[in-house]
Structures are given as C-alpha cells and as structure tokens.
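Participant: predicted model, plus sequence, below.
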Amino acid sequence: MLINKINDNNFSQIAQQCKKPLLIKFYNPNCYLCDGMKPIFKEICSTFSDDYEFGVIDATKSKKLSGFFKITGVPHLFVVFNSDMVEIPYPKNPDPETGYSFYDIADFLHSYKTNNKR
C-alpha cells in the first residue's frame, strides 16, 4: 500500500494517474488530532487498498491546495476521482484524540463506493 505525499506541485499528476478514487488527508505536523489519526489512516489504507488510492497533504506547506479545497482545520479528508471532489464530513461527535474514527471514514468509503460504481 502506497501513501502518496502530495503537494502543490504534484497533485494534478497524481490525481490524473489514479485508476481508483484517491483518499486525501490534509494534516498539520503540529496537530495532535492529526498525530493521533496516523494509525487510523494507515488502517484505513490497509483495509481499503483494493478500492482506493491514498495521499497526504501537509496543509502548512501546500497553501494553494489548502485554499482550493477550502481547508479551515485539520485533519480534513476528501475523496477525489475524475472530476469528483467529495469532502468526508467531520463527525458531529468527534473522537477527542483523533477527530475522525475508523468507522466514520470506513462508513463513508463504503457508501462512496456503493454510490459511484466504476
């Protein structure tokens, strides 16, 4: 399982080369929720590697992408595929250590796959 390091310079190339939807995590290296979410994101990547590709974007270094995706806080998740760009909603009752839980993300990815048959 490959997790692409995406930035302002390589996003278009990586997104265009994806044969499957691309799950993107925006993060800040100094964010405790982002740090807490690392093992969850790795588990998601392992669990969904047949159906998705994966990338991470440092929101502090990729200002153009952060603006384009209208990032106002981190962690922040999106699925990108072809011209489709869908935000994974931040949970109404976020986990205090990670923000998103495994199930918040997994439920969304299952739904996205079901509703967007390729």
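Facilitator: Arrived safely. Note that the coordinates shown come from a computational prediction; the quantities given were computed from them, not determined experimentally.
Participant: partner residues bridging the residue nearest to the spatial centre of the chain?
Facilitator: The centre of the chain sits closest to residue 24, judged by Cα atoms, centre = their mean, with a distance of 2.5 Å. On the basis of DSSP bridges, residue 24 is bridged to residue 55, residue 78.
Participant: what about the helices in this structure?
Facilitator: Taking DSSP state H, the helices of the chain run over residues 11-17, 32-47, 63-68, 102-115.
Participant: point out the most buried one among the ones you listed.
Facilitator: For these, average neighbour numbers computed from mean count of other Cβ atoms under 10 Å are highest in helix 32-47, which has a mean of 17. Glycine gets a C-beta too; all of them are placed from N, C-alpha and C.
Participant: angle of it against helix 102-115?
Facilitator: Calculated by axes from the mean of the first three to the mean of the last three Cα atoms, to 10 degrees, helix 32-47 forms an angle of 50 degrees with helix 102-115.
Participant: quick one on the thing from earlier: the residue nearest to the centre of the chain contacts residue 6, doesn't it?
Facilitator: Yes: look at residue 24 against residue 6 with Cβ atoms under 8 Å: they come within range, at 6.7 Å.
Participant: between these two, what contacts are shared?
Facilitator: Here residue 24 and residue 6 share the contacting residues 55-57, scored by Cβ atoms under 8 Å, 6 or more residues apart in numbering.
Participant: now pLDDT and distance to residue 44 too, for these, in a markdown table please.
Facilitator: Output for the shared contacts of residue 24 and residue 6, formatted as a markdown table (pLDDT from 0 to 100; distance: Cβ to Cβ, whole Å):
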| residue | pLDDT | distance to residue 44 |
| --- | --- | --- |
| 55 | 98 | 12 |
| 56 | 98 | 12 |
| 57 | 98 | 16 |
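Participant: okay if I get those residues as a markdown table plus neighbour count and distance to residue 67?
Facilitator: Listed next are the shared contacts of residue 24 and residue 6 as a markdown table, based on neighbours: other Cβ atoms under 10 Å; distance: Cβ to Cβ, whole Å:
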| residue | neighbour count | distance to residue 67 |
| --- | --- | --- |
| 55 | 23 | 17 |
| 56 | 20 | 18 |
| 57 | 24 | 12 |
